[in-house]
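Peer 1: Model the structure of this input:
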Amino acid sequence: MKRVFIFTVSLLVLGTLARVNAQEKVTLVKVGDDVPEFVVEMFDGQKINIKDLKGKIVLINFWATWCPPCQEELKRVQKEIIDRFKGKDFVFLAISREESKEQVKKFRERNGYTFPMGLDPERKIYSKFATATIPRNFIIDKKGKIVEIEVGYTKEAFAKMIEKLERLLK
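Peer 2: Coordinates of the predicted model:
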């Protein structure tokens with residue numbers, strides 16, 4: 001019985017390590033790195049240069065309209081992130097990966113979203129950060145350094161991300 005338990009625990013640990021290792025292989029940046037330079041065209045046509053956001057805490061969120069975890073996460077963004085940190089040195093920068101403006105427009109209308117969204121139809125920006133997996137969140141500090149990377153979506157991880165933002169914005 002004890003051997004079965006040890007074997008089962010060993011398999012769980014190895015599985016977790018394999019997933020973490022796989023995520024590290026598809027993530028091209030690390031905590032402590034400077035945020036890669038990019039300019040994103042927003043849904044409204046405005047262009048945002050990440051360099052111009054130095055001095056603010058930035059949450060970069062890569063997502064897609066077809067991604068169920070992305071949809072779950074985006075449902076929480078307006079109230080729990082944008083409204084919560086309004087008036088602070090904070091920018092939520094949602095960037096749609098590999099989708100046309102028309103696809104994003106339909107998604108925004110269907111969900112009633114009005115917050116700014118960036119477009120990365122050719123995956124040029126995303127490819128500076130990772131090679132696979134969304135949603136993906138990167139918290140950038142006021143100096144332009146990556147201080148947190150979150151891959152996927154869970155309620156617990158979302159709550160931790162909010163706590164991290166609160167600490168950085170104090």
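
Peer 1: Residue ranges in this structure under the pLDDT threshold?
Peer 2: 1-24 (pLDDT under 70).

Peer 1: hey, where'd the helices end up in it?
Peer 2: Along the chain, counting by DSSP state H, helices occupy 2-26, 68-77, 101-111, 155-168.

Peer 1: what's near enough to touch Thr27?
Peer 2: 129-130, 149, 151 (Cβ atoms under 8 Å, 6 or more residues apart in numbering). No exception for glycine: its C-beta is placed from N, CA and C like everyone else's.

Peer 1: Now with 10 Å, please.
Peer 2: Residues near Thr27 by Cβ atoms under 10 Å, 6 or more residues apart in numbering: 129-133, 136, 138, 149, 151.

Peer 1: Quick check on the residues you listed: which are buried?
Peer 2: Using 16 or more other Cβ atoms under 10 Å as the burial test, those include 129-130, 136, 138, 149, 151 as buried.

Peer 1: Go through those and name the one nearest Gly87.
Peer 2: Taking Cβ to Cβ as the measure, Phe138 is the one of those closest to Gly87, at 22.6 Å.

Peer 1: one step back: any chance of the buried ones among the contacts of Thr27 in CSV, with distance to Phe38 too?
Peer 2: Shown next, in CSV, are the buried ones among the contacts of Thr27 (distance: Cβ to Cβ, whole Å):
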residue, distance to Phe38
Phe129, 9
Ala130, 13
Arg136, 14
Phe138, 12
Ile149, 16
Val151, 19
